[in-house]
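[1] Based on what follows, work out the 3D shape:
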Amino acid sequence: MPAAFANLWKQHHAEWRDPAQIASAWTEASHTGAALLRHHVRGAFWDVLASAGITLLVTREYEHLVMALQAPAGRPAVTFLRLPHPSGLVVDRERAVVHIASTRNPNQVLDLAPTTGAVPRLDAPAVAGGGILVPVRSRFYPGCLYVHDLALIGGVLHANAVGHNAVVRLDEGGWTRVWWPRCIEAERGPLFERNVLQLNSIASGSSLSRSFFSASTDRPSRRRPGDRNFAVDGRGVIFSGATREPIVRGLTRPHSARLHRGRVWVANSGYGELGPAERGRFVPAVRLPGWTRGLAFHGDVAFVGTSRVIPRFRQYAPGLDVDRSLCGVHAVDVTKGEVLGSLLWPAGNQIFALDWLPVSMGTGFPFRAGGRRATARERTLFYTFETRRHRRRSHARGRR
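    Residues are numbered from 1 along each chain as shown. Prediction:
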């Protein structure tokens, strides 16, 4: 056997051994720069998390990271998972499933579930504890969907298909367009063939007609939303699911629309603002140091993401000091418009989505930020994990 073949086969044998690579189907996932994970805190951020009793999940799309933040008994813990360009995120707290959109081409939606135990083995030690979020399924979709936000509408998973100017239902066997704004309709039919609106978030209600959707404009033109000369200042809208017409205008690159206690809240990204829609207009409740995107409510607290501004899109943020924008998550008391605390990533770039689950349901991701990787523990976890959705079933032969 030629020596060249022996060396080649030895290389093949050594490849794809790191669970971080297998979990994300991405070889580079085993290498995460320490600077990306380094953070500092302002105010009572960890105290707010501890009091809420939640694990906060954050997608950092341009760094290809999903983070989990929690502080059980006041002890901060940060874990992560590498995924290609993660954007939309929604937690199905009834079914204990986390859905995450990965929006490279092709698009994927990954389902993660908390571990509930381990398969008994003689060749591996037991892994203590449960609630670690592990991937249990991935679905692939055409890249032209350009999935952004994910939402549960009536308990069913939906997504913004930004590339189609529509909302799609994500079925077991595919996807179906189920809603689009009236402004894309023409004599030949709705304009699904290219992105003209940047329809990018879902404030999910019990049905499509009780939901709301944000977009950068309601006026299709030759200039596409990714063009440098695409007009943004004051052009953004929120659409009503029932009428398919705008109910709020005057926004600038709005994101992360959410329904909370009967009101639609939205991040007015280009001005670093967060606020509700009241009587047909946006009312800023707080202004933050960056491009606001990513929003999740827990009681009176809104967890809000801020991002840096990509240099070639400076003109999309006319209300920000672009050079001083920060990447982080802020806990805001929405009754007072007061920032209670912030967690900031100095080397961070873009936050896309936030959501949470109770600490009792999920403790975070398999990989810990800070210090050396616990390689043996990670391998044992992925070797033996069980989840509620993927339990072992005993089969006894010879029984009637």
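
[2] Run through the residues that contact residue 225.
    Counting by CB atoms under 8 Å, 6 or more residues apart in numbering, residue 225 makes contact with 195-198, 216-217. All C-beta spots, glycine's among them, are computed from the backbone N, C-alpha and C.

[3] 10 Å instead, please
    The neighbourhood of residue 225, defined by CB atoms under 10 Å, 6 or more residues apart in numbering, consists of 162, 195-200, 215-217, 232, 253, 316.

[4] Those into TSV, with extra columns for neighbour count, distance to residue 371 and secondary structure?
    Shown next, in TSV, are those (neighbours: other CB atoms under 10 Å; distance: CB to CB, whole Å; DSSP: H, G, I helix; E, B strand; the rest coil):
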residue	neighbour count	distance to residue 371	secondary structure
162	24	38	helix
195	21	42	coil
196	21	47	coil
197	26	45	coil
198	25	40	coil
199	31	42	strand
200	27	37	strand
215	27	43	strand
216	26	42	coil
217	23	47	coil
232	20	42	coil
253	29	38	coil
316	22	38	helix
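
[5] tell me which of the residues you listed is nearest to residue 365?
    Comparing the contacts of residue 225 against residue 365 with CB to CB places residue 200 closest, at 25.3 Å.

[6] count of residues packed around the residue nearest to the closest one when sequence neighbours are not counted?
    Distances taken as CB to CB, 6 or more residues apart in numbering place residue 148 nearest to residue 200, at 4.6 Å, with adjacent residues excluded. Using other CB atoms under 10 Å, residue 148 has 24 other residues around it.

[7] what's the spacing between residue 148 and residue 178?
    Residue 148 sits 16 Å away from residue 178, going by CB to CB, to the nearest Å.

[8] ditto for residue 245
    From residue 245 to residue 178 the distance is 17 Å (CB to CB).

[9] Low-confidence ranges, the stretch 251-400 of the chain, go.
    Residue ranges of the stretch 251-400 of the chain with pLDDT under 70: 389-400.

[10] is it fair to say residue 257 lies in a helix?
    No - Residue 257: not assigned to a helix; according to DSSP: H, G, I helix; E, B strand; the rest coil it is strand.

[11] need the contact list for it.
    So residue 257 contacts 149, 151, 200-204, 211-215, 238-239, 248, 251, 264-267, 277, 295 (CB under 10 Å, 6+ apart).

[12] sorry, back to before: average pLDDT for the host helix or strand of the residue nearest to residue 200?
    Assigning secondary structure by DSSP states H and E places residue 148 in strand 147-153. The pLDDT scores in strand 147-153 average 98.

[13] Start at 21, not 1
    Sure thing, new numbering starts at 21, so read that last one as strand 167-173.

[14] Pairing partners for the very next helix or strand once past that strand, with directions?
    Of the helices and strands lying after strand 167-173 in sequence (DSSP H and E), the nearest is strand 176-181. Its sheet considered, strand 176-181 pairs with strand 167-173 (antiparallel), strand 186-191 (antiparallel) by DSSP bridges.

[15] Which one of those strands lies nearest to residue 392?
    Nearest to residue 392, of these and by CB to CB, is strand 167-173 at 33.4 Å.
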